[in-house]
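1. Pasting a predicted model and its sequence here:
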Amino acid sequence: MFKIISVSFLQILLIVNTFALSHFDSAPGEFYLYLDSIQSALRYMKSNIEDVNLDAYFGVLLAKVHLENIDMKDMELEDTVNLAKQVLITRKNKVNLKNSSYLQNIEKYIMNEKKWKSIISKRKALKCNIKKEISYLNLDRIRLRKSLLSFDTAPNEMESDICLSEIIVTNKVHGKNKYCPSSKMCYDVMIIGQSKGYSKTHRLLYFIIGQIEGCFKCGGTKTNLAINNLCCGIMAEASAIEESGFALEFKDLFMEQLTLCAVIGYMEVLKPQWIASINDWQRLEGCWGHYYNRIRRSSTSLGPANCSSHSTGLGISTLAMAAVKMLD
C-alpha cells in the first residue's frame, strides 16, 4: 500500500543545506554590494582603530547584531560579522574612560550588546501614522540648513548627555518596569520639548533607551506614541533633505535619522533610493567623509583619509539594516 523510500543521511543534509542557502540565492545583488561596502568600512576602521570613537563603535555594534540575526549560512555574511567582531573587541580593549561620570554611564550602556539585541528581538514593524512638518518640503537649502542644523535647538550636546545618563542611572535605582523620574530640565527638553535635526534624533535615542528600560509614560502619553511622533517628523525632514539633492551638510544627519528610526522598527525609512545614495557616498578608502555635524564630540577624524568616525559608523549601521530588510 505504501512505498518505502530510502533516503541517506547525506541526501537529507544536502536538502537541508540547499533550503538554507536558497534565501541567499534569491537575494538581490544589492545585498552583497552592501555587505562588500560594510566590509570595506570595517577593514578601514580596523586599520585605524585608535580613531574609532563611541559613535563609530555603536554603528558597528548595531550592524553586527542585525547581521547576526539572519538565520542563514553564507560565507560573505560570516566574513562581515567576523570583521565587525574584530573591530568591536579591539576597540573595547582600548577604551579609557576618563570622561565625566555621565559620559561614562552612556559609554558603558551603548557598548552593552545585550541591550540592543533585546530591542531587536522584540521589535515589530512600525509605520508612521501621522504626517507632520510637511512644510519642510517648501524650504530652500539655506532655510532648511537654518532649520535643521541650528545650534539653538534643544536638547544641545551637553543636555543630551546629561539626560541620557540620568535615565540610565535612575533605572538602576528604581528597577526595571518602574517609573524613571526625570529632572525638570530633562522633562522640558526631552519629553515635552520641540526639536529639529540632531536635537530630534537625540530625543528619539532618549525614548528608545527609555523603552528598553521600561521607563516613563511621558506624562500620560505612551512612549511608543512619542516615538511615532518623532519618527514621523524625522521622515518629513529626511524627505526634505532628499529634495535638497542630499546637500553635503545634511548627509551625516540623514544617516543618523535612518539608523535610529530603523532600529526601533520604522523600516520604511530604508528606502532603496536612499540606501543607494548612502552607499554612493562611501569613499574609495571605505569610510564616509566629514559633512556637517554640530555635535563636537562626534567630529573625530578617522584615519589618514580624514574621514568621520561618526559618519562611518552610521554608514555601516544603515547599510546593515538595509541588507537585513532585503531578506524579509
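-> Sure thing, it's come through.
2. helices or strands up against the strand or helix carrying Gln257?
-> Under the criterion DSSP states H and E, the helix or strand holding Gln257 is helix 251-264. For helix 251-264, the elements it packs on are helix 54-68, helix 113-122, helix 197-212, helix 223-243, helix 272-281, helix 309-326, judged by 3 or more CB pairs under 8 Å, 6 or more residues apart in numbering; DSSP states H and E. Using the backbone N, CA and C atoms, a C-beta is placed for each residue, glycine as well.
3. can I get those in a markdown table with mean neighbour count, distance to Glu76 and mean pLDDT?
-> Output for the helices and strands packed on helix 251-264, formatted as a markdown table (neighbours: other CB atoms under 10 Å; distance: least, CB to CB, whole Å; pLDDT from 0 to 100):
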| stretch | mean neighbour count | distance to Glu76 | mean pLDDT |
| --- | --- | --- | --- |
| helix 54-68 | 24 | 10 | 95 |
| helix 113-122 | 14 | 21 | 89 |
| helix 197-212 | 23 | 30 | 90 |
| helix 223-243 | 20 | 29 | 89 |
| helix 272-281 | 16 | 16 | 97 |
| helix 309-326 | 27 | 10 | 96 |
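4. Of all those helices, which one comes closest to Glu159?
-> Minimum separation from Glu159 across the helices and strands packed on helix 251-264 (CB to CB) falls at helix 197-212, 8.5 Å.
5. Could you give the separation of that closest one from the chain centroid?
-> From the chain centre to the centre of helix 197-212 is a distance of 11 Å (CA atoms, centre = their mean, to the nearest Å).
6. rewinding a little: could you give the angle of the helix holding Gln257 to helix 223-243?
-> 150 degrees (axes from the mean of the first three to the mean of the last three CA atoms, to 10 degrees).
7. what residue ranges in this protein score low on pLDDT?
-> Along the chain, segments meeting pLDDT under 70 span 1-27, 94-102, 130-139, 151, 170-181, 216-222, 292-299.
8. Dump the helices and strands packed on helix 251-264 into CSV; add distance to Asp36 as well.
-> Shown next, in CSV, are these (distance: least, CB to CB, whole Å):
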stretch, distance to Asp36
helix 54-68, 13
helix 113-122, 23
helix 197-212, 28
helix 223-243, 25
helix 272-281, 10
helix 309-326, 10
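9. The ones you listed: which one's closest to Pro28?
-> With CB to CB as the yardstick, what comes closest out of the helices and strands packed on helix 251-264 is helix 309-326 (5.7 Å).
10. Spit out the contact partners of the residue most central in space within the chain.
-> Nearest to the mean C-alpha position of the chain, by CA atoms, centre = their mean, lies Thr259 at 3.2 Å. Neighbour list for Thr259: 59, 62, 314, 317-318, 321 [criterion: CB atoms under 8 Å, 6 or more residues apart in numbering].
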